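1. sequence and predicted model, in that order:
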Amino acid sequence: MNDTNFKFSNSVIGLPLFFVLLLWIIYWLQIRFDFDFYQYGIYPRDLTGLRGVLFSPFIHENLEHLYNNSIPLVILLAAIQFFYPKQTFGVINYGILLSGLITWIIGRENYHIGASGLIYVLVSFIFFKGIQTQYYRLVALSLTVILIYGGMIWYVFPDVDQSISWEGHLAGLITGFVLTFFYRTPEYTKPIVYDWQRPDFDPTTDPFMRHFDENGNFINISREEEEDQYFSSSHPVNYIITGKIESQGEI
């Protein structure tokens, strides 16, 4: 697979906008009709609280909570849809389920809500999968993601801020890493630009490459062998060699 597999489509913009718009509509319904959606969050180790595994990513406490999650979701969903289009929906769906279950197991006895767990799934998947592929574009994406969102790592620890669900963040980080092993990508190769990159290239017939051995060491080639590799001319030429001129006549 090469760079031609990275193709822009409407879904690169449409998917993140639709997902975030859905979050804002749900929040509008909550404040407009005074719905208590918090009870549909994840409540750990309680059977009723299991419904939060599905619903919690779509529930937010206030505008600041929703806004802080919206921008990363737009960026990360667009990135994963462009670079990993075949894996996108699997990562989102299984990411929500698995991170929710882990939160249900390890979380404090309180309602856990918000899409930040999914954000950690996306950051983790994009970062670790790019490193695993060793493909230069995906590695660059991994480094870009970690440069922008690397500070999020502190919020997987319990003592940083007790008001946030560090358990949901940790669950998302673990989930994204685990999913990289289930969603394999094809081998990525750079497009062929030079003749020496082609599999049928023979360095022994190339006028320049024949001066070097397989280890890159220079090989001294006789003048007769050298002349055989270049075009013939009826014009006399002179070679300047180590400061002296030697007339060669016609070649």
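-> Received it, and whenever you're ready, just let me know what you need. Numbering: from 1, shown residues only.
2. other SSEs contacting the one helix or strand Ser11 maps to?
-> Assigned by DSSP states H and E, Ser11 belongs to helix 10-32. Here helix 10-32 touches helix 63-83, going by 3 or more C-beta pairs under 8 Å, 6 or more residues apart in numbering; DSSP states H and E. In short, each C-beta sits where N, CA and C put it, glycine included.
3. list the buried residues in the helix it packs on.
-> Of the residues in helix 63-83, 65-66, 69-70, 72-83 count as buried by neighbour count, 16 or more other C-beta atoms under 10 Å.
4. next SSE downstream of that helix?
-> Following helix 63-83 toward the C-terminus (DSSP H and E): helix 88-106.
5. identify each buried residue in stretch 143-152, please.
-> So for stretch 143-152, counting by 16+ other C-beta under 10 Å, buried means Val145, Ile146, Tyr149, Met152.
6. skipping adjacent residues, who's closest to the third one in space?
-> In this structure, Tyr149 finds its nearest non-sequential neighbour in Val123, 5.1 Å apart by C-beta to C-beta, 6 or more residues apart in numbering.
7. for that neighbour, give me the pLDDT.
-> pLDDT recorded at Val123 is 97.
8. I'd say it and Met152 touch.
-> Yes - with contact taken as C-beta atoms under 8 Å, Val123 and Met152 are classed as touching, separated by 6.5 Å.
9. circling back to that earlier point, in strands, which of the buried residues of stretch 143-152 appear?
-> Residues of those located in strands (DSSP state E): none.
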